[in-house]
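A.B. asks: heads up, no residue letters with this:
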């Protein structure tokens, strides 16, 4: 999870020299070991509305020579230029780099100038000048409803409600994106659509539940000059009264020239259910539908990128039928290993099962389940303690005292995947009116910093947290009350289960440091890795399968130590010195590629960047993680009391 910020190898030296040459300083760079992007030492963020942030701009330092280069420190100012990633000190070998990621977040309608400084041993300080201008957007979003509720919708059916966004300001805005996540969908908008002052946009939101139960979601709208805004979504589903196809109508995307797998689901059929393409429907070339409901094959590389509609009919043994129209999107290859759509247990042809589906079954001799005895349900006493802690969370002032105007700090911790997920999660949470306004998010997760880095208090992971991330969020350590962690180590080796011993120990050491550094920390939730086989076969090092899957056992082992009363993980003062916060599972992200787990989760190759490692922000991978994190925090009994906005008295 650390290659993204160290993504330039020796082979890029010529390219970098070419870039520097274009800037007119080729000779100077060629005589040194340092290449800098931007080559002109200037970043202009342009004009942006107060209260918004820009896309990331990078200050990138690369070593072009065989001698190891020492990046000793960095700094940036003023506060309108927000540091979000990168660290020092670091030693860079030939072809290696460090990227310092910066965003512009204007605090007032004015012009800003600033600097980003990087200090490298043997060189004069690198100073990059930054400029940007803030302006008042003078556009105001107003929704016809703050939430939509869909009640008692039969699984496999679709229910649509409209919600209207009106611009009540004096200037127009341009719609950048409108999105939500299954089982919700949204239509009625186009990219770069202008919403003039006084104009309205009506958005049909459809709830298509795939199982009986309840669902939450967020409708998010982003624009060119306003913070994200949105509507909270809630739905409940009941069993259908007749045969129904319950697969979500927008199928996981497929990649040109890559293998594919999708299994259709139904409810309330009589006996065996047979599946057929409806009359006049065809699948993209290379795919076929079996009578058992599996869509398999390899999409021809000649199939154009696009969305392909088709209808499928299910027929049960009593000749009852149900027909649903589906959409399958064909995407271009990303560079990831897109034929690794499932991963097997070592030495077998048996697909690995998610811990949540494995239950009392075993993986290489070790039982499944998120908790002991193959169970996914937290032991009642531990859950009760978590609920008690959750109910005690309240806004705190800078000294950690209860205050109605205080803050509840929720901090991320981990690696680049965690970094990406939390950035998207913060956008979604900011748009969702059901989220507690006292919550303040601290994005401390960092690219290239693995689990081992969080075990040492003077490591860059902790230094950046206290020097930048907490102050930028306006949060003190005394106000941080909840952590969310997802982490592994780079270049893992060894065999299961021994390969998880050190990772579990690192998690436990980190939990102990959390306790000492954040005196009011109550809850810490840990997640394990997403599917990672799309990077298997690629030349770079990383946390490939089955290590990504196995990392869940390290999380579970840490939690089990606390459940079993291990002193170093004690959180209860009645049982001795408190050494760690209360810990539990957060959202469990792993699914075996396109082999859907029991709740329908899959990981299409298109959701990952070209390294097969990082869920992609642009294609939906990071959004899938962020949505799962949001739903977890909205619905878990230890998180809902403080994550959701307080209900006004009398309601």
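C.D. replies: That came through fine. On a predicted model such as this, the values are computed, not experimentally measured, just so you know.
A.B. asks: going forward, measure contacts between C-alpha atoms and count neighbours the same way
C.D. replies: Fine.
A.B. asks: the closest residue to residue 598 other than its chain neighbours is in what secondary structure piece?
C.D. replies: Once flanking residues are discounted, residue 598 sits nearest to residue 357: 6.7 Å by CA to CA, 6 or more residues apart in numbering. Assigned by DSSP states H and E, residue 357 belongs to helix 355-358.
A.B. asks: am I right that residue 76 is in a strand?
C.D. replies: Yes. Counting by DSSP: H, G, I helix; E, B strand; the rest coil, residue 76 is located in a strand.
A.B. asks: mind listing the strands for the stretch 401-550 of the chain?
C.D. replies: 408-414, 439-443, 480-486, 523-527 (DSSP state E, counting those that start in this stretch).
A.B. asks: paired strands for the helix or strand hosting residue 307, with orientation please.
C.D. replies: Assessed by DSSP H and E, residue 307 sits inside strand 306-315. Strand 306-315 has the following sheet partners, assigned by DSSP bridges: strand 274-277 (antiparallel), strand 321-331 (antiparallel).
A.B. asks: now do that strand, average pLDDT.
C.D. replies: Average pLDDT, strand 306-315: 97.
A.B. asks: roughly how far is the helix holding residue 357 from the heart of the chain?
C.D. replies: 21 Å (CA atoms, centre = their mean, to the nearest Å).
A.B. asks: now stretch 128-136
C.D. replies: When distances are taken as CA atoms, centre = their mean, stretch 128-136 is centred 29 Å away from the chain's centroid.
A.B. asks: go on, stretch 279-288?
C.D. replies: That offset, for stretch 279-288, works out to 33 Å (CA atoms, centre = their mean).
A.B. asks: try stretch 130-149
C.D. replies: 23 Å.
A.B. asks: over to stretch 44-64?
C.D. replies: How far stretch 44-64 lies from its chain's middle: 21 Å, per CA atoms, centre = their mean.
A.B. asks: what's the separation between the closest residue to residue 475 other than its chain neighbours and residue 288?
C.D. replies: Of all residues not flanking residue 475 in the chain, residue 409 sits nearest, at 6.7 Å (CA to CA, 6+ apart). The spacing between residue 409 and residue 288, counted by CA to CA, to the nearest Å, is 50 Å.
A.B. asks: show me which of those two is the more surrounded one.
C.D. replies: residue 409 (28 against 19; other CA atoms under 10 Å).
A.B. asks: run through the residues that contact that one.
C.D. replies: Contact partners of residue 409, counting by CA atoms under 8 Å, 6 or more residues apart in numbering, are 439-442, 475, 479-482.
A.B. asks: specify the beta-bridge partners of it.
C.D. replies: In beta-bridge terms (that is, DSSP bridges), residue 409 pairs with residue 440, residue 480.
A.B. asks: same question, residue 307
C.D. replies: So, taking DSSP bridges as the rule, residue 307 has residue 329 as bridge partners.
A.B. asks: for the residue positioned nearest the centre of the chain, give me its contacts.
C.D. replies: By CA atoms, centre = their mean, the chain has its centre lying nearest to residue 421, at 2.2 Å. Applying CA under 8 Å, 6+ apart, we find residue 421 in contact with 622-623, 625-626.
A.B. asks: ok, now with 10 Å
C.D. replies: Going by CA atoms under 10 Å, 6 or more residues apart in numbering, residue 421 touches 412, 443, 445, 486, 614-617, 621-629.
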